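1. With the input below, show me the fold.
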Amino acid sequence: MAQVLGIGGVFFKADDKVALYKWYVDVLGVPMESWGGTIFQPQALLDVPGACTVFSPFKRDTDYILPSTKDFMINFVVDDLDGVLARLAAHGVLPTKPVLAEDNGRFAHILDPEGTKLELWQPKPMPT
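-> Reported below is the predicted structural model:
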């Protein structure tokens, strides 16, 4: 059957690709390859109960992506939200609002240097 199987990548423009690349590596700890990106293997999500990839358009007038003025945000699955927040704080990056605890896990929101909202999500294992 011909069908979409998942998200194959997130691609976006940057005002300063080199500086943004360095920020994602140094501050957020995203492992980057020499070609300028990273590959997140599906197995990493399979090893985290409750993790998944979500595709969800929002209404045009949503305020969920604020304070970013962009039309999108990027959600990163993390294995230790408190540890990631400590790493970010050491680099002077603080959440844009208090950490949220919801039925499907804990969330923190930050902005990257170019104003893209990043949602950090530590999944909560879901009942089977």
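
2. Return the set of buried residues in the helix ranked longest in the chain.
-> The residue-count maximum for a helix in the chain (DSSP state H) belongs to helix 81-90. Within helix 81-90, the residues that qualify as buried by neighbour count (16 or more other C-beta atoms under 10 Å) are L81, V84, L85, L88. For glycine as for every other residue, the C-beta is placed from the backbone atoms N, C-alpha and C.

3. mind giving me a markdown table with these and columns for pLDDT and distance to V54?
-> Shown next, in a markdown table, are those (pLDDT from 0 to 100; distance: C-beta to C-beta, whole Å):
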| residue | pLDDT | distance to V54 |
| --- | --- | --- |
| L81 | 95 | 17 |
| V84 | 96 | 19 |
| L85 | 97 | 21 |
| L88 | 97 | 22 |
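
4. Generate TSV for these, with distance to F107 as supplementary columns.
-> Below are the buried residues of helix 81-90 laid out as TSV (distance: C-beta to C-beta, whole Å):
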residue	distance to F107
L81	8
V84	12
L85	11
L88	14
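
5. Give the other helices and strands that the helix or strand harbouring Q43 contacts.
-> Using DSSP states H and E, Q43 falls within helix 42-46. For helix 42-46, there is no helix or strand it packs on, judged by 3 or more C-beta pairs under 8 Å, 6 or more residues apart in numbering; DSSP states H and E.

6. which other residues reach the lowest-mean-pLDDT helix or strand in the chain?
-> The least trusted helix or strand in the chain, going by mean pLDDT, DSSP states H and E, turns out to be helix 42-46, with a mean of 88. Contacts of helix 42-46 with the rest of the structure, by C-beta atoms under 8 Å, 6 or more residues apart in numbering, involve G6, A51, C52, T53, V77.

7. If we go by neighbour counts, what in whichever helix or strand comes after it is buried?
-> Beyond helix 42-46 in the direction of the C-terminus, DSSP H and E gives the next helix or strand as strand 73-77. Within strand 73-77, the residues that count as buried by 16+ other C-beta under 10 Å are M73, N75, V77.

8. Nothing else from me, thank you.
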